[in-house]
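# Predicted structure and sequence below. I'll ask about it afterward.
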Amino acid sequence: MNGCRRLAHGGAGIAALLILAPVAACSSGGSNPSAPKPAHAVDAAPLVHTSASGQVDPGTPFTVTAQPGSRLTDVTVSGPDGKVVAGRLADDQRSWQTTGKLRAGTAYTARISADDGKGGRGETTATFRTVAAQNLLTAQLGPDSSGTGVYGVGQPLTVKLSAPVKDPAARKAVEHGLTVSSQPAVTGAWYWVDDSNLHFRPKDYWPANTSVKLAFDLTGERISDGLYGGDPASMTLRTGDRVEAVVDAAAHQLTFRRNGELVRTIPVTTGKPGFDTRNGIKVVLGKEADVRMSGETIGIPAGSADSYDLDVQWATRVTWSGEYVHAAPWSVGSQGVANVSHGCTGMSTENAKWFFDNTRVGDIVQVVNSLGHEMEPFGNGFGDWNITWTDWVKHSADGGQVSTSGGAADSAQNAGYLQPEL
């Protein structure tokens, strides 16, 4: 008791002793009748009820409910990979349900802790398996941003589904599983090219220097009979400067603008009669510093008057069928004067290298005043911008425009649907 006697010296020490006496080590001890009694272990299985056993629909939340008089203290649901599924406990601790998505054909274990309301606590486990899907729908997202991830302002977003989706309601579900978010925000829409392919584009070109995120997540959701959402996917990209090249086939010149400012005017030659260059808006698909071009690839017989087999430099591709903007030193005398090519836009080697160095995939190349056909919307590159906005929106299963508000990192809940502008 020496410590207690030392505290007794002086008025301050006496006051401290009086305050601390009830809990100090030198108190007389004894039990506190108001102290909570330690919980004793009980079997928690009778205290709870789960919504699932055996095989269940992965699109339906798994729930746990406490029996009358009991409450839940903790619930954890995890799959075979150990990843925990997100969930929410009700404020009154009487129920819990998953908020994260369950995968099809997967076994889950729920670890449940409960209190019986009488001083007893315990744990129990429950297992269940989600129904195996006949087919899982996944999506290949484009463009491929594994490189620099920087594209021109004309680049559409693409989705290739692993299985065809024909039913209108199922297509609507797919669209709602796709999220496009960007900073700054734009208004855009989805277009079903066919049963397995969708494109997304803004109403106008992407703004320069925009961050874009595309995500697909229908994990475990029922899309149609036997078809459930598979693994999620996402990708990001950003746009560079707004680069627009306009090829005037009648004036035999190309004007190059960056962010609205005229940078260069280049004399060119385009397709001669019978090989007229396609009119319309095209998007740069790729660039090849050196490529072999043969007339036989477009149906021109070898040895005929129009045949050719050339090694071509600084070729910027705008269609899959072989239309390029490229160096054509053999036609410099006609460039700016006449159209003598087989459909490509030809220019001097110096100008072709400059054009090659100053463009990127996704930049705009528009041909005007040619006698050729119009650029195809799909199948031969990206002719998406040749479809009017009114017609584009009509090919969305949801029938609405999508706002990409909220920034490139936002979730699907932040992308809203708007009514189309006619």
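In hand now; what should we look at?
# Any idea how many residues pack against residue 331?
17 (other Cβ atoms under 10 Å). Heads up, the C-betas are built off the backbone N, CA and C, glycines and all.
# Report the distance from the helix or strand harbouring residue 212 to the chain centre.
Assigned by DSSP states H and E, residue 212 belongs to strand 211-216. A distance of 3 Å separates the centroid of the chain from that of strand 211-216, by Cα atoms, centre = their mean, to the nearest Å.
# Next: stretch 106-121.
37 Å.
# list the helices and strands whichever helix or strand residue 189 is part of packs on?
Assigned by DSSP H and E, residue 189 belongs to strand 187-192. When contacts are defined as 3 or more Cβ pairs under 8 Å, 6 or more residues apart in numbering; DSSP states H and E, strand 187-192 sits against strand 197-202, helix 389-394, strand 401-403.
# So which of those is nearest residue 383?
Between residue 383 and these, the tightest spacing by Cβ to Cβ is seen for strand 197-202, at 10.4 Å.
# between that closest one and strand 211-216, how many degrees?
Comparing the axes of strand 197-202 and strand 211-216 via axes from the mean of the first three to the mean of the last three Cα atoms, to 10 degrees yields an angle of 150 degrees.
# Kindly format the C-alpha coordinates of stretch 72-83 as PDB.
Extracted in PDB, the C-alpha atoms of stretch 72-83 (Å, rounded to 0.1, in the frame of the first residue of the first chain):
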ATOM      1  CA  LEU A  72     -26.600 -10.800 -36.700                       C
ATOM      2  CA  THR A  73     -23.200  -9.600 -35.600                       C
ATOM      3  CA  ASP A  74     -21.200 -10.500 -38.800                       C
ATOM      4  CA  VAL A  75     -21.700 -12.200 -42.200                       C
ATOM      5  CA  THR A  76     -19.000 -13.000 -44.700                       C
ATOM      6  CA  VAL A  77     -19.600 -14.700 -48.100                       C
ATOM      7  CA  SER A  78     -16.600 -15.800 -50.100                       C
ATOM      8  CA  GLY A  79     -16.000 -17.900 -53.200                       C
ATOM      9  CA  PRO A  80     -13.500 -20.600 -53.900                       C
ATOM     10  CA  ASP A  81     -10.800 -18.000 -54.700                       C
ATOM     11  CA  GLY A  82     -11.200 -16.500 -51.300                       C
ATOM     12  CA  LYS A  83     -12.600 -13.200 -52.600                       C
END
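# What residues sit buried inside it?
72-73, 75, 77 (16 or more other Cβ atoms under 10 Å).
# how far is it from where the chain is centred?
The answer for stretch 72-83 is 28 Å, by Cα atoms, centre = their mean.
# Show me what that stretch is in contact with.
48, 62, 64, 66, 84-85, 87, 89, 93-96, 98, 103, 106-115, 121 (Cβ atoms under 8 Å, 6 or more residues apart in numbering).
# Residue ranges in this protein under the pLDDT threshold?
1-37, 145-147, 295-296, 298, 305, 307, 406-422 (pLDDT under 70).
# show me the contacts for the residue lying closest to residue 353 once chain neighbours are set aside.
Nearest non-adjacent residue to residue 353, counting by Cβ to Cβ, 6 or more residues apart in numbering: residue 314, 4.7 Å away. By Cβ under 8 Å, 6+ apart, the contact set of residue 314 is 289, 326-327, 349, 352-353, 355-356.
# One more: residue 282?
Residue 282 neighbours (Cβ under 8 Å, 6+ apart): 318-319, 323, 364-367, 375, 381-383.
# could you redo those residues as TSV and give each row distance to residue 248 and neighbour count?
Formatted as TSV, the contacts of residue 282 follow (distance: Cβ to Cβ, whole Å; neighbours: other Cβ atoms under 10 Å):
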residue	distance to residue 248	neighbour count
318	16	31
319	19	21
323	16	28
364	14	23
365	12	30
366	9	21
367	8	26
375	16	25
381	20	20
382	21	27
383	19	21
